[in-house]
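Novice: Give me a 3D structure for the following:
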Amino acid sequence: MDSSEQEKVDGDIDVEKKKDKTANGYGGDGGEAKGTASSADKDSGDFYDVEIEKSNGEKEEKPPQESKEESTSISSKTEEFNDKEITIHSPKIFCNARNHYLPAIKSQAHLPKPDPPATPRVERSQSLSIAETMPSIGKYISDRSSSFSAAIVRRLSSWKEDNGDLVVKNDSLNLEVTEFHIPGVKVIVKLKSEAERLGLDLKGRISFFTRSNCRDCTAVRHFFREKGLIYVEINIDVFPKREKELIERTGSSQVPQIFFNEKWYGGLTALNELRNGGEMEVKLREMVGERCPEGAPAIPVYGVDDEEEEDDVLLETVRALRKTLPIQDRLIKMKMVKNCFSGVDLVEGIMDHLDRGRKKSVITAKLMAQKHFFHHVFGENEFEEGNHFYRFLEHEPFIMGCFNYRSSTNDSEPKPASFLADRLSKLMFAILEAYASDDRLHVNYSGIDRSEEFRRYLNVARDLQRVNMKLLSPSERLALFLNLHNAMAIHAVISIGHPEGVLDKRAFFNEFLYLVGGYPYSLNIILNGTLRRNRTSPYSFFRPFSKGDRRLELAPHKLNPLIHFGLCNGTRSSPAVRFFTADGVESELRCSAKEYFQRGAIQFNMEKRTVYLTRIIKWYNEDFGTEKDILKWVMKYLDSTQSGLLAHLLADDGHINIMYQDYDWSGNL
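Specialist: A predicted model of the protein is given here:
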């Protein structure tokens, strides 16, 4: 390649790479773990799919190498029409056969200018020229970049005249973004924020108190996000000590409560009046030059736990026994058992340490077993004095594989199971509100990993190690296991990634463990062992629990098929991630099933009399009954159109073909 060709290539290629701004882009880095402090630390909840399409609507397929080269050659441009900032995003081609598109973060890149000015000839050293060393690639990038840029410029120049190609998803000026489609590229129009539109440089602070899973709080949050206003959210379910401050400031614990600087304004009703009365601009102008005073609600402090741990009343005795008991490996029932001790030795150790009689020492030993300080090596009993052998919880062979276990077991006084179940659900609700899309089909796992909510959730997960699960009611237990499964799936994706191959799926579903109530639980054990009452998983011949396993005592009295539509494993084809409350778990499961089927989990071909169902039903068909029973069961959770089609097929008693859709194992990113 001669120097003139090199100059042409250098002039045509204009690639700009910018980092996503946290306040505007989903999945932005919130800096230090500030998951709830402000809208800039959270994701706006907007997800967009970027695809390159042919003019006839078909997706264009390219070889991986060409896709990689073209993704670096396409640049973008920003123009302004009135008060709208139009951002056209460069399509990116990914070489994943399963992922035809990925959620695109709102970009700040610019389109290439239609007529770039001539640049003076600049001599470049050969070491800096990729095109010189790879002439064929350079020429390809140049040609593709020029043709693509010209097509975008021509389309932009005529988009006002040709309104037939304009598809506006939402033309409200209050929304943060609007989308329209141009053949061959999807263009995202980013509207200016309220402060930018008014030319205001806000120095004050908007704060509001919220709770998890609150509709009014969600409405307030969406309003400020749509306006593009930075705010500080104080979730009193995440930061319980701030509830006292809320009551002192407003005289009530009701949420949401909004503050402009230190001035209390009111809740959702007051915000609607402010918006409908056109006074929002006045309120914002009041905050332009006035910095937030010290009397305003403070930004939440991260890394400080609100709850104090209390040592177990038996901890001193347990620590003494750990040091004095003859713990050793023994051959018991033709099996080598490691790190065990006899029941007789335990009773005598308690007698020596507490200076008690044998009868009281046996009672103390049983209380230790109930609190899961130790277990029988074969699970035969809780504790009996005699020729039985036991092992401390930290010496169990599964303990090092538990992801809620740290360097030692949690020896604090076990918290009530109902309190931990409620705390877990509220924290996970807060995580979804901050780091999932509105339909909960896409999750920002990297944002969750850095968040304060997730850090506090991990502390709750650690508190589950010795909790007494038997004290929960059936509905509380059902909600807890559903929530625990979905929370563990999020934790597993963060820790070991989405499952892709066979070995990944085994590690994800069977080897990612939590220590709960003294026993190990995996995603497979929660689903097939507990919720499905010890039934085999798909393509397996073994039940999760052996005879006499104490975890089976926590299973529901009756299997509920709806559980399959309340469990999310972090894949695209699984139900949307959600969490449940103990009081409304049954109705919430019904809503989850209806939502899943309306999302495409059932489809029809009336000519071929074929029904296409989600593969989840095929995997767990014994939970739903025969094929005809399955269709009758499914009908209860369909919308009117789907229900009518299925009823038409069932009416004449003719044969109905049931086929199952493919399952997309790619991640719900």
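Novice: Let me see the contact set for F545.
Specialist: 525, 529, 534, 551-552 (C-beta atoms under 8 Å, 6 or more residues apart in numbering). (Glycine included, C-beta is placed from N, CA and C.)
Novice: can you pick the most crowded of these?
Specialist: Neighbour counts for those peak at I525, which has 25 neighbours (criterion: other C-beta atoms under 10 Å).
Novice: Is that one located within a helix, as I assumed?
Specialist: Yes - counting by DSSP: H, G, I helix; E, B strand; the rest coil, I525 is found in a helix.
Novice: Not including adjacent chain positions, what is the nearest residue to it?
Specialist: Once flanking residues are discounted, I525 sits nearest to P544: 5.0 Å by C-beta to C-beta, 6 or more residues apart in numbering.
Novice: Need the contacts of F545 in JSON lines (columns: distance to E453, secondary structure and pLDDT).
Specialist: Below are the contacts of F545 laid out as JSON lines (distance: C-beta to C-beta, whole Å; DSSP: H, G, I helix; E, B strand; the rest coil; pLDDT from 0 to 100):
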{"residue": "I525", "distance to E453": "26", "secondary structure": "helix", "pLDDT": "97"}
{"residue": "G529", "distance to E453": "29", "secondary structure": "helix", "pLDDT": "96"}
{"residue": "N534", "distance to E453": "34", "secondary structure": "coil", "pLDDT": "96"}
{"residue": "R551", "distance to E453": "28", "secondary structure": "helix", "pLDDT": "95"}
{"residue": "L552", "distance to E453": "33", "secondary structure": "helix", "pLDDT": "93"}
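Novice: any chance of the residues you listed in JSON lines, with distance to L354 too?
Specialist: Compiled in JSON lines, these are given as follows (distance: C-beta to C-beta, whole Å):
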{"residue": "I525", "distance to L354": "37"}
{"residue": "G529", "distance to L354": "38"}
{"residue": "N534", "distance to L354": "40"}
{"residue": "R551", "distance to L354": "32"}
{"residue": "L552", "distance to L354": "35"}
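Novice: nearest to L441, of those?
Specialist: I525 (26.3 Å; C-beta to C-beta).
Novice: give me every residue that touches the closest residue to I602 other than its chain neighbours.
Specialist: Excluding the flanking residues, the one nearest I602 by C-beta to C-beta, 6+ apart is L613, at 5.7 Å. Contact analysis of L613 by C-beta under 8 Å, 6+ apart lists 601-602, 630, 634, 658-661.
Novice: Let's see that with 10 Å instead.
Specialist: Applying C-beta atoms under 10 Å, 6 or more residues apart in numbering to L613 gives the contacts 597, 601-603, 621, 624, 627, 630-631, 634, 658-661.
Novice: avg pLDDT for stretch 433-444?
Specialist: The average pLDDT within stretch 433-444 is 94.
Novice: what's the answer for stretch 635-654, then?
Specialist: pLDDT averaged over stretch 635-654 gives 91.
Novice: before we move on, what about stretch 258-270?
Specialist: Stretch 258-270 comes out at a mean pLDDT of 92.
Novice: In that stretch, which residues are buried?
Specialist: 258-261, 265, 267-268 (16 or more other C-beta atoms under 10 Å).
Novice: now swap in stretch 271-284 and tell me
Specialist: 271, 274, 280, 284.
Novice: The closest residue to the third one other than its chain neighbours: which element?
Specialist: In this structure, M280 finds its nearest non-sequential neighbour in L274, 5.5 Å apart by C-beta to C-beta, 6+ apart. Secondary structure from DSSP states H and E places L274 in helix 268-276.
Novice: Next secondary structure element downstream of that helix?
Specialist: helix 280-286.
Novice: ok, back up a step: now list the buried members of the contacts of L613.
Specialist: For those, buried by 16+ other C-beta under 10 Å: 597, 601-602, 621, 624, 630-631, 634, 661.
Novice: and F508, what is it in contact with?
Specialist: 488-489, 492-493, 495-500, 522-524, 569-571.
Novice: so how far is A421 from P556?
Specialist: 15 Å (C-beta to C-beta, to the nearest Å).
Novice: State whether C340 is indeed within a strand.
Specialist: Yes - counting by three-state DSSP, C340 is located in a strand.
Novice: quick one: contacts for it?
Specialist: Counted by C-beta under 10 Å, 6+ apart, C340 has contacts 325-330, 332, 374, 376-377, 388-392, 395.
Novice: what's the closest of the contacts of F508 to V362?
Specialist: Looking across the contacts of F508 and measuring by C-beta to C-beta, the closest to V362 is S522, at 34.4 Å.
Novice: Test my guess that that closest one contacts K505.
Specialist: No - contact between S522 and K505 fails when scored by C-beta atoms under 10 Å: they sit 11.9 Å apart.
Novice: the more surrounded of those two?
Specialist: S522 (24 against 15).
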